[in-house]
Structure formats: C-alpha cells, structure tokens
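Undergrad: how would this look folded up:
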Amino acid sequence: MKSICTALFVCLSTLSFAQVQPEFEFQLGNTITKIKWMQQTNTGSLVAATDLSLAGIDPKTKKITWEIKELGSAEENKFENIAGTPYFMIETAKSLGLGKPQTSIIEAETGKIVFNSTEAEMKISGKRPLYRMGALLIEGTRNKRSFIALLDFSTGKERWSKDVGAAKTGLKALLNTRSIFTVPPMVDKNGNLVIVDKETVVCLNGNDGSEVWKKEFKEKIEDALLTYDQSSVFVSYENRIDLLKTDNGTSAYGEKLLKLNGKCNGLAPYDEKSYILKHSEGVNIIDAETGQLRWKKESGLDNINDIRLTAHGILAINNTEKETKFYLINHEGKKVWKFELSSPAVIIEPTEKGILYFTESRANLVEYEKGKELWKRDIKIRKRPAFGFDNEKNRLLVYSDDKLNSFSLADGTMTVLTEALPLKDYDEDRELATIETRRNGYFISSLQNTAMVDFEGKVVFNHNYREAGLSKGVRALMKGAAIAATAYSGMKTVQSVRFRNQVDANGKPIANHIEGYVDESTSTYKSAAASGAGADALFAMARERHNATRATKDAIYILTKFEDSGINGLVKVDKDSGKDLVKIPFGDKDPAYIVDEAENKLYVVIKDKFVQGYNLNVSK
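TA: Presented below is the predicted three-dimensional model:
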C-alpha cells in the first residue's frame, strides 16, 4: 500500500466527495502510445507512464509539467513513493525495455532525476529516509564493493558517499534484497550514522561521512538496538551482548562481554532505563546504563521471541508456525505458570482479568493466578476473523461467521453485539473486512459492502453494491486491503511487538502507561517523522497533504456496476448514514483511477488515452 502521504486507492479511502461532471480532461496517449498506468506522488502531482515516456501532471494547473522519454519502459510495480519526501523511485530498463535495469529517484514536482543508478554505477539494494538527518540513505553495490550515499533532502544533491567494504555474494546476496547490512542503519543522538555489518560496528559523521569510531567483534553480529535516548547501542551475537556508547564506541563491559544462558533473540524497551532481554532459554531485564542483568537466576523457558507487559509481570512468549507457549514471569524473575496452545496465536492481549488470546479457530481468556482458562467453553471461530479496536471503550472487535463480537480489554468480557450481519458475497480468503469506530457505532466495510452497527448491537444499515468485475481498480483495492490486514497484524499480533513506557512532553516516563514501540524502518515512524521539522517547501507540501488526509474520514468509495445503466463507476457512501451521496460513471469497462483524499479529487484514466479530473467536494 502506498504511503499515507500519497493517494489511497478507493476502498481504503475516506474523504468528502464530488460533482459528477469532470473538472478537466486532456489527452496524454494516442492510437500508438497508450497510458499504461498512473500514480500519485506525496506532493499531489500525478505520474503517468505511456509506451514512450514518463510524464508528470500538475492537477492544479491541469498541465503536463515534465516528461522523461528514457523512462518510458517503467512498470507500475516498480513505482514507489519514498515516505515523507517529495521523491519517488522508479525502476526501468535502460532504453525501451532493452539493457540492464536502472533505478532513478525523481523529484515529483520538477521531474528532476536526483539519483540514477546507471550514472552512479551503483546497483541499489535499499533506501532509507533518515528524517533526523534530513537525508535519504541509498545502499548499493559497485564493482563487487558495498557503497552508501547520502542524498540531502533540502538540496536534492548527494551529501557524501562511502565505500563500506566487500559486497555480499552468492546466496547471501540473493536473500538480502532490502539492505546490504546485517542490521538497518541507525541515527544516534548526535545525528551520526551507526552501521552494523558482519563483525563490525562503525559510526559515521552525518555531515561528511567521516569515521567517528569503529569496533570489531570476533563473531558476526546478529542484532542491534539503539537505547531509548540514542546514547548507546546494544549489540548481540550468539549468547553475547555488548553495550556501546554512541559518542565514542566505549563498551560497558570492556573486553569481557556479557554472557547469556541462551542465544539472544532481541531486546524490547521496558522502562526509561531498562530493556527486556529475550533469549533461547528465557528472559531477563538489562540496565541500559550499566549493562547489568537484574536477575542473577533465570527461569528456564523455551526460546522466547516476544513479550507482553502486564501488571502481574512479563508475559514471555514462544510463538512458532505450529504452536504457541507463553509464560508469566513475576517481578522477581520467577516463572509463575506456563500455558500451551497446539496452534499458533494470532493475537495475545493482556487485560485486567487475564490474557486474551486468539488462534485461527478459537479464543479464550487465561487468568493470571494459575494460568487457567476462565471461559468454560472456547469462543469458536469458524471463518477468518477481521479485527478492529474501540479505543474509547477499550474493546477488541471481531467480525467472523456473520457475527460481530466485542471483547473488553479491561476485564476480558465477551459480548455478542449482533448475531446476524451477513455481508453479501463476502469472501474472507479474498479480502478482510475493515471495522472502524464512528461516533454512533461501528462501520464495517468490504470491497462491495457497507454496514453500521450501533454500540448496543443494532444493525443500522447493511448495503451491498454490485461488483464491477476484476478491473484495475479492484485489483489495486484487493492488494491494498491485504496489505492493510498485514499492517494490522504487524502491530497487534505476536510478531516482534516491542513495548516501553510512554513519555510526557519533557521526555519523562508516565507511570502505568505502556505503548508499542516501532523502529525507524516502519510506516508508523515514517508517517510521524514526516510531520517533523527541517524540511523545505516540498516537504511542507507533503506534510500538508498528510495532515489533510488524516482529517477526511467520513466517506468511502466503492467501485460498482450501476444497475440502471450497466456502466462501471464509483459511488460515494456516507459512513454514518449509509446514504449514497453521489455516483460517478466512468464510461470505461476497465478504468484506472485514484482518489486524492487530501485535495478531495478523483483522477481517472479513460480508454488508455485520456485523464479526467473530478472535484469531490460536496456537502452531505
């Protein structure tokens, strides 16, 4: 799914809509050259690819602002907005589909190519926005050597580049397609770059790339994590841990590293000074300043790879593809009990009364005292569930088997909100419904359905829209819906969720307030960082669009085939009332379209030749 700063494809969009007649229409393709695809950038401009060129379109002036003929062979699946920046990346063959693929980074408003892999003689392996440094880190290889280059956001020029050693070869190179390094690069409190690769940790000056310090280890480093204040970095391999100061690389342990009882599986923030250390034989708490372990004697556990924080202690989790085990560890580091599931858990959430868990087929609540299930009968799940959250009421919402259930995250109480809420032609294997909390209830939607259930469980409306067929728009929507479901899983399931105390405006921890922790490589971080300081006018434009998008959440757009005419088009549905606010027929059996939530615009490619723009601003 595209960054939140970009246009969202239709089924996932939530905006305010429109007049039926197009604001503008112009021809980009012709009989010979057709429009192959169209996307929208973070700044709002459109990018369209024809058979011969890549073109930029300004929707405000309704004109083509730039054209790059040598990028005409670009494929849509190789287009990527770089989150929180005015740049996008595109991969294409050298010339009309011939030659070696090349990657270009382009400034969306001007069409300026700020980086080209062929000119730089570098094959790009990864890119990483470093918002605190105001730059984009580009990783790649050149002549069997690994290189990094820092692209300055404000100037669009290379700040510096550096040879960082021999490139990976063979199977390792094929498997590592996202980064040339063992651990993604990190930015410390001084704005310098901390790089972990193979047996080496090196700190580079963020301004010129010069080496600040370097430390070599005897074994290959497997994981690393900056401390909460970015003043130190934990480094781990096998059963060894080191803690290095980012100012000078000084070790908290000297020559003799901390030795664990088992192989390290990573660290998770615990409080402002401590981290939970997960390893193959158990868990412990490590001090971020001294590097000392809190518990001298650990309880023997099975390969802990995730944790949850509770008022009763740490819930240590071993989750595999076939089964799940979790243990309650009290504040003295002793095991209280062990609970086993014969199938993998999908969700594990602590509540006031116990641990709420879901597998693909059942759910139950495990009490804290002895680790026993509180419900005499499991909640059976016959079909793949869709999840949602009501933060105000502290509820987990589950839609499955035509029922909507709620689970209190305060006490674990389960309530059947509605026994019968069938979504016509809804297929859980093809898509997952979305559940959104509104002021009057819960809005549930799928590709072709909209429904509202009030807080007491009464069905307010349940509407179905005829499917238009597997068009380009639907394919994009289905892909987006699947990624949205995956994004949810990334935060709420047991896949490496880290936790720490929330902090106030002064950076001090707030007692009894725990938050999920995500690193700088995640979309959550990128979206938040995109609204930070230190950006030029183009970055300000991207931020404004991001903020406008967040404010427009009252409608949904569904691609349908209109019953009266048999023509494909979009219908705008008000989420709260379920009313159809407007219909826009496309007059094309297979249109490509984009809904711009920030500007309330609709852009449609008709007959592979024409681009139409609609103004979607209309009152309810």
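Undergrad: pLDDT weak spots in this structure?
TA: Scanning the chain for pLDDT under 70 picks out the ranges 1-20, 31-32, 93-100, 168-179, 469-552, 587-590, 618-620.
Undergrad: where exactly do the helices run in it?
TA: Along the chain, counting by DSSP state H, helices occupy 170-175, 472-492, 523-529, 537-551.
Undergrad: number of residues surrounding residue 54?
TA: Look at residue 54: counted by other C-beta atoms under 10 Å, it has 24 neighbours. C-beta: built from backbone N, CA, C; applies to glycine.
Undergrad: against residue 368, how distant is it?
TA: From residue 54 over to residue 368 the distance is 59 Å, taken as C-beta to C-beta, to the nearest Å.
Undergrad: now do the contacts for the residue lying closest to residue 314 once chain neighbours are set aside.
TA: In space, and not counting its chain neighbours, residue 314 is closest to residue 329: 4.5 Å by C-beta to C-beta, 6 or more residues apart in numbering. Listed by C-beta atoms under 8 Å, 6 or more residues apart in numbering, the contact set of residue 329 reads 283, 299, 301, 313, 314, 315, 316, 335, 336.
Undergrad: from residue 241, how far out is residue 329?
TA: 19 Å.
Undergrad: what's around the closest residue to residue 295 other than its chain neighbours, how many residues?
TA: Distances taken as C-beta to C-beta, 6+ apart place residue 333 nearest to residue 295, at 3.4 Å, with adjacent residues excluded. Residues contacting residue 333 under the criterion other C-beta under 10 Å number 19.
Undergrad: residue 333 and residue 301 touch, don't they?
TA: No: Residue 333 sits out of contact with residue 301 when judged by C-beta atoms under 8 Å, with a separation of 11.0 Å.
Undergrad: who is the spatially closest residue to residue 372 that is not a sequence neighbour paired with across the strands?
TA: What sits nearest to residue 372 in space, not counting adjacent residues and going by C-beta to C-beta, 6+ apart, is residue 366, at 6.9 Å. Beta-bridge partners for residue 366, by DSSP bridges, are residue 355, residue 373.
Undergrad: for residue 194, see how far away residue 366 is.
TA: For residue 366 relative to residue 194 (C-beta to C-beta), the value is 40 Å.
Undergrad: next up, the contacts around the closest residue to residue 37 other than its chain neighbours.
TA: Distances taken as C-beta to C-beta, 6+ apart put residue 76 closest to residue 37, at 3.9 Å, once the chain neighbours are dropped. Listed by C-beta under 8 Å, 6+ apart, the contact set of residue 76 reads 36, 37, 39, 49.
Undergrad: tell me if I'm right that the third one and residue 46 touch.
TA: It refers to residue 39. Yes: applying C-beta under 8 Å, one finds residue 39 in contact with residue 46, separated by 7.2 Å.
Undergrad: list residues touching both of those two?
TA: Common neighbours of residue 39 and residue 46 (C-beta under 8 Å, 6+ apart) are residue 594.
Undergrad: higher neighbour count, these two?
TA: residue 46 (25 against 21).
Undergrad: got a list of what the more buried one touches?
TA: Residue 46 neighbours (C-beta under 8 Å, 6+ apart): 38, 39, 40, 56, 57, 58, 59, 594, 603, 611.
Undergrad: tally of neighbours for residue 317?
TA: For residue 317, the count of nearby residues is 24 (other C-beta under 10 Å).
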